[in-house]
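In: Mind looking at a prediction? Sequence and model below.
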Amino acid sequence: MASDPAGGRGYQRLGENVTEGRPDWHEAIDFLAEPGEGDIDFDGLGAWVGAAKLRGMRRLALSRNLWPPQPAALRPAAEAHFARMRVLGQALMDATAQAFGLPPDHLAPLVDRSFWVARIIGYPPLGGREADGVESCGEHTDYGWWTLLSQDETPGALEVRTAAGDWTTVEPLPGAFVVNLGDMLHVWSGRRFKATPHRVRQTQVGCYRTSVAFFFEPNFDAVIRPVGAPPRDEAPSACGDGLSRDSDRALDRALGGAPIAYGEHLFDKISSNFSFQ
Ligand SMILES: O=C(O)CCC(=O)C(=O)O
Ligand SMILES: [Fe+2]
């Protein structure tokens with residue numbers, strides 16, 4: 001099926017996605033929100049980024065999703081799922097605000113035009129490539145706020161890194177979502193809530209693992225600032241915060257205390273994730 005890398009959408013073949021400079025052993029179809037031109041304050045974003053980057057961000061935001069012609073039932077089923085995930089994401093935002101003693105609708109202005117992302121991902125077995133350091137999906141943190149992940153019954157594939165630094169598998173539970181915290185929640189919460197480093201290693205022979213990841217994200221033009229000062233015992237650090245740093249220009253500044261425009265962070269990430277760039 002068709003692919004539109006500059007739009008961040010469509011089919012990604014095996015090995016096309018790159019994490020930390022290494023190809024990932026998965027294929028995927030990527031979908032992003034489809035805002036209208038007037039839904040995003042590009043003039044405001046122009047205060048944050050240069051003209052060339054703004055052009056790339058505009059292309060990313062305003063492209064349309066690509067759907068495979070078959071099966072015909074995919075599009076309505078996926079769109080219904082994405083709509084439900086947006087409702088769940090909003091509910092988690094209300095809970096986030098309340099966890100910080102804020103009114104439930106405090107975060108609504110940051111996500112009322114959520115620039116969500118969704119991926120339908122397929123993982124053939126690594127088939128011995130793991131011996132060469134290949135991973136199905138290399139270690140990373142998710143970019144936005146909350147990730148709602150459905151995984152199939154393949155055991156032992158998804159791993160998260162604990163606060164102690166060890167890797168532990170997240171085994172599938174029927175009917176349950178894996179909920180990951182993303183970079184923007186990490187920044188907004190003043191690093192009280194940590195973005196969870198995770199990776200996938202699919203070594204089950206004869207098994208093609210599938211997962212559906214829905215990323216509930218801020219508005220494309222949302223500017224995220226820490227809600228309070230960082231905890232006293234955790235001074236900002238260039239590399240000790242657990243976040244992956246393959247391309248995190250805006251994120252690096254944000255961890256030093258500067259506000260971050262979500263669309264710039266997403267663009268930095270997506271434009272570093274493909275081997276063609
Ligand atoms: O497939 C999975 O379990 C995780 C996928 C993932 O981490 C991602 O797409 O960001
Ligand atoms: Fe992830």
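Out: All right, it came through fine. Everything numeric here is computed off the predicted structure, so don't read it as measured data. Ligands and ions are numbered 1, 2, ... in the order given.
In: Name the residues of the chain found near ligand 1, please.
Out: Contact residues, the chain versus ligand 1 (Cβ under 6 Å from any ligand atom): 119, 121, 137, 142, 149, 151, 158, 198, 200, 211, 213. C-betas here are computed from N, CA, C, even on glycine.
In: Closest one to residue 112 out of those residues, please.
Out: Comparing these against residue 112 with Cβ to Cβ places residue 142 closest, at 20.6 Å.
In: these two touch, right, the closest one and residue 216?
Out: No. When contacts are counted by Cβ atoms under 8 Å, residue 142 is not listed as touching residue 216 (10.0 Å).
In: so where's the protein uncertain?
Out: Scanning the chain for pLDDT under 70 picks out 228-248, 274-277.
In: Would you enumerate the residues in contact with the closest residue to ligand 1 within it?
Out: Nearest to ligand 1 in the chain, going by Cβ to the nearest ligand atom, is residue 211, at a distance of 3.4 Å. Contacts here follow Cβ atoms under 8 Å, 6 or more residues apart in numbering; on that basis residue 211 touches 121, 123, 149-152, 158.
In: Equivalent analysis for residue 93, please.
Out: Contacts of residue 93 by Cβ under 8 Å, 6+ apart are 107-108, 110-111, 145-146, 216.
In: Give me the contacts around the helix or strand encompassing residue 271.
Out: In this structure, residue 271 sits in helix 262-272 according to DSSP states H and E. Helix 262-272 has contacts (Cβ under 8 Å, 6+ apart) with 8, 18, 40, 45, 48-49, 53, 56-57, 60-61, 115, 117, 143-144, 183-184, 217-224, 246-251, 254, 277.
In: Can you say which of these are buried?
Out: Burial by neighbour count, 16 or more other Cβ atoms under 10 Å: within the contacts of helix 262-272 this picks out 8, 18, 40, 45, 48-49, 53, 57, 60-61, 115, 117, 143-144, 183-184, 217-224, 247-251, 254.
In: about what we covered before: looking at neighbours, which among the contacts of residue 93 is most surrounded?
Out: residue 145 (32 neighbours; other Cβ atoms under 10 Å).
In: my guess is it meets residue 184, correct?
Out: Yes. The criterion here is Cβ under 8 Å, and residue 145 meets it with residue 184 at 5.0 Å.
In: so what sits against both of the two?
Out: The contact sets of residue 145 and residue 184 overlap at 217-218 (Cβ under 8 Å, 6+ apart).
In: Torsion angles phi and psi at residue 92?
Out: Dihedral pair for residue 92: phi -70, psi -30, per degrees, to the nearest 10.
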